[in-house]
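[1] could you look at this predicted model? Sequence included:
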Amino acid sequence: MLFDPRPKERREDLFDREEEIEKLKKSISNQPMTLLLGIRRIGKTSVLKVALNELGAPYVYLDLRSLEDYSRASLYRLLSEAISGILPKWKRLGEFLKKVRGVSVYGFRAEFDWKERSLTLSEILGTLNRFAGETEKGFLIVAFDEAQIFRNFSGGKGRIDFGRILAYAYDNLTNLRLVLTGSEAGLLFDALRLEDPSSPLYGRYINIIRLERFDREKSIGFLRKGFEELEMNVSEDMLHEICKRVDGIVGWLTYFGCSVYESKKVEREVLDEVTERALRLVENELEKVFGKSRYYRLVLKAVSIGMDSWTGIKRAVEAWLGKPLHNAQISRIIGNLIDLGLLEKTGDRYLIPDPLISEYCRRL
C-alpha cells in the first residue's frame, strides 16, 4: 500500500523508483561500496530494502538511528539483533560465528561480547566475509542506514575508526558489499573523510546514487494511485493542493495521504490540520538542531522569507542580532546547514529543500 507510513520492502509497494532500484542492485552486485543519498523522507530506506530483498543474497541491515548511544556496547547490541534476525534463513552462518572468540550462538540467537577486546568489528566482518564465500550468490551485504551517525563515534581513546575499518573491508573482504545511506551527505563525507588524502578511504572508487524528489506529475500520480488503492475519491484540486504543500517529498506525500484517509474527509480544513501536525514533527526535529547553534535558526529564517543570497542572509542575521558577524562565520554556518541537508545552493541562491521546514522557519 502506497500510503503505508512504514518503509516499503516490496517493489509493488513503491511508486516510480524502478530506475533507482535497478541502479542500486547493479552497484551492490558489482562494487565494494555504494552510497545512497537523499534528503530526509525521500525514500532511501524503502529503495534500499526493496533492493536487498530482490538481490536474494544474505544481508545485515543496521539502522544506526536505533543506537542507544555511541558506544561499542550499543553498536554490538545492534549487530547482535541484526545478525540474529537472519540466522533462521542463513543457518550456516551460525556455525561460522561459533568459532569466533567472544561470540555466543544459541539456536537462532547470536550475542557479541563487547568486553572481549579481541572481538573487533573487523573480525566480525571477516567472519561474515568467510560465510559469504560459501553462499550461492558469493557475497553478503552490510547496509548502514543513516551512516553519517558514524561521525558521532569519531575521536577519543577507544573509539571505533569506521573509515579505517571500511577501508580494510573494501580492500580485503572481497565477498562483502557495503552500502551506506545518508540524509546528511556533508556529514557523511566528513565522517568518511573521502576527500582527505590522509583518510584510509581516499582514492577508492565509491559509487554514489542520489534519490531526487518527485516532480509535480509524479507526485500527483503517486497520490492518485494511493487514494485509488483505498477506494477514496479525491479531486484533482485537492491533489494539487497537497503537492503544493510538500513539493514531491514522498514521505510527506505519504503522511498527508494516510492522514486524509484516516480522517475520512477531503476538505481544505483537514489539510490545514495535517499541515499543523506535520509542522509539530518538524519543530521537534529542528529544535535539536537549533540547540547546537543559535545562528542556525536565524539563517534558516532568513532564507525562508526570501533573504536567500549570501549577502541577504548576512544582513538579515546581523539585523536580528544587532551586531556584525565575520564573513567566515556566516560561511561556516551556511556550510554546516548544507552538510545537515537543511540548505541547498542553486546558483548564487540558497533554498530549504523541504517546504514544511521552510514554512516552519518562516513562522519563527
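    Everything's here; your move.

[2] and residue 180, helix, strand or coil?
    What DSSP: H, G, I helix; E, B strand; the rest coil gives for residue 180 is strand.

[3] number of nearby residues for it?
    Neighbours of residue 180 under the rule other Cβ atoms under 10 Å: 25. Any C-beta I mention is one placed from the backbone N, CA and C, and that applies to glycine too.

[4] tell me where the stretch 1-150 of the chain has strands.
    For the stretch 1-150 of the chain, the strands defined by DSSP state E, counting those that start in this stretch occupy 33-37, 59-63, 103-106, 109-112, 140-145.

[5] tell me which of these lies nearest to residue 359.
    Of all the strands of the stretch 1-150 of the chain, it is strand 33-37 that lies closest to residue 359, at 24.3 Å by Cβ to Cβ.

[6] report the angle between that closest one and strand 140-145.
    30 degrees (axes from the mean of the first three to the mean of the last three Cα atoms, to 10 degrees).

[7] mind exporting strand 33-37 as PDB, just the C-alpha atoms?
    Listed next in PDB are the C-alpha coordinates belonging to strand 33-37 (Å, rounded to 0.1, in the frame of the first residue of the first chain):
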ATOM      1  CA  MET A  33      30.900   0.200  -1.600                       C
ATOM      2  CA  THR A  34      27.800   2.200  -2.600                       C
ATOM      3  CA  LEU A  35      26.400   5.400  -1.100                       C
ATOM      4  CA  LEU A  36      22.700   6.000  -1.400                       C
ATOM      5  CA  LEU A  37      22.000   9.700  -0.700                       C
END
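
[8] note down every partner strand of it and its orientation.
    strand 176-182 (parallel), strand 207-210 (parallel) (DSSP bridges).

[9] what's the mean pLDDT across the shortest one?
    Translated: strand 207-210. Strand 207-210 shows a mean pLDDT of 97.

[10] ok, back up a step: so which of the strands paired with strand 33-37 is nearest residue 246?
    Short answer: strand 207-210, nearest of the strands paired with strand 33-37 by Cβ to Cβ, at 19.4 Å.

[11] list the contacts of the closest one.
    Contact with strand 207-210 is made by 20, 23-24, 27, 31, 33-38, as judged by Cβ atoms under 8 Å, 6 or more residues apart in numbering.

[12] how far out from the middle of the chain is the top helix by length along the chain?
    Longest helix in the chain, counting residues (DSSP state H): helix 268-290. Relative to its parent chain, helix 268-290 has a centroid offset of 20 Å by Cα atoms, centre = their mean, to the nearest Å.

[13] which helices and strands does it pack with?
    helix 236-246, helix 250-263, helix 294-304, helix 355-362 (3 or more Cβ pairs under 8 Å, 6 or more residues apart in numbering; DSSP states H and E).

[14] 6 Å instead?
    When contacts are defined as 3 or more Cβ pairs under 6 Å, 6 or more residues apart in numbering; DSSP states H and E, helix 268-290 sits against helix 250-263, helix 294-304, helix 355-362.

[15] with mean neighbour count and distance to residue 10 added, can I get those helices in TSV?
    Below are the helices and strands packed on helix 268-290 laid out as TSV (neighbours: other Cβ atoms under 10 Å; distance: least, Cβ to Cβ, whole Å):
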stretch	mean neighbour count	distance to residue 10
helix 250-263	22	15
helix 294-304	21	37
helix 355-362	20	28
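
[16] so residue 341 makes contact with residue 38?
    No - if you go by Cβ atoms under 6 Å, residue 341 and residue 38 don't touch, sitting 8.7 Å apart.

[17] which neighbours do those two have in common?
    Between them, residue 341 and residue 38 share no contacting residue under Cβ atoms under 6 Å, 6 or more residues apart in numbering.

[18] where in the stretch 251-364 of the chain is pLDDT low?
    By pLDDT under 70, the stretch 251-364 of the chain has no low-scoring segment.

[19] the stretch 101-250 of the chain too?
    For the stretch 101-250 of the chain, the ranges with pLDDT under 70 are 154-159.

[20] all helices for it, in order.
    Using DSSP state H, counting those that start in this stretch, the helices of the stretch 101-250 of the chain run over 121-132, 162-172, 185-192, 216-229, 236-246, 250-263.

[21] so what's the gap between the last one and the chain middle?
    The chain centre lies 20 Å from the centre of helix 250-263; the measure is Cα atoms, centre = their mean.

[22] stretch 100-116: end-to-end distance?
    Terminal residues of stretch 100-116 lie 11 Å apart, using Cα to Cα, to the nearest Å.

[23] buried set for it?
    Residues 100, 102-103, 105, 110-112, 114 are the ones in stretch 100-116 that count as buried (16 or more other Cβ atoms under 10 Å).

[24] having no further points to raise, I will conclude here.
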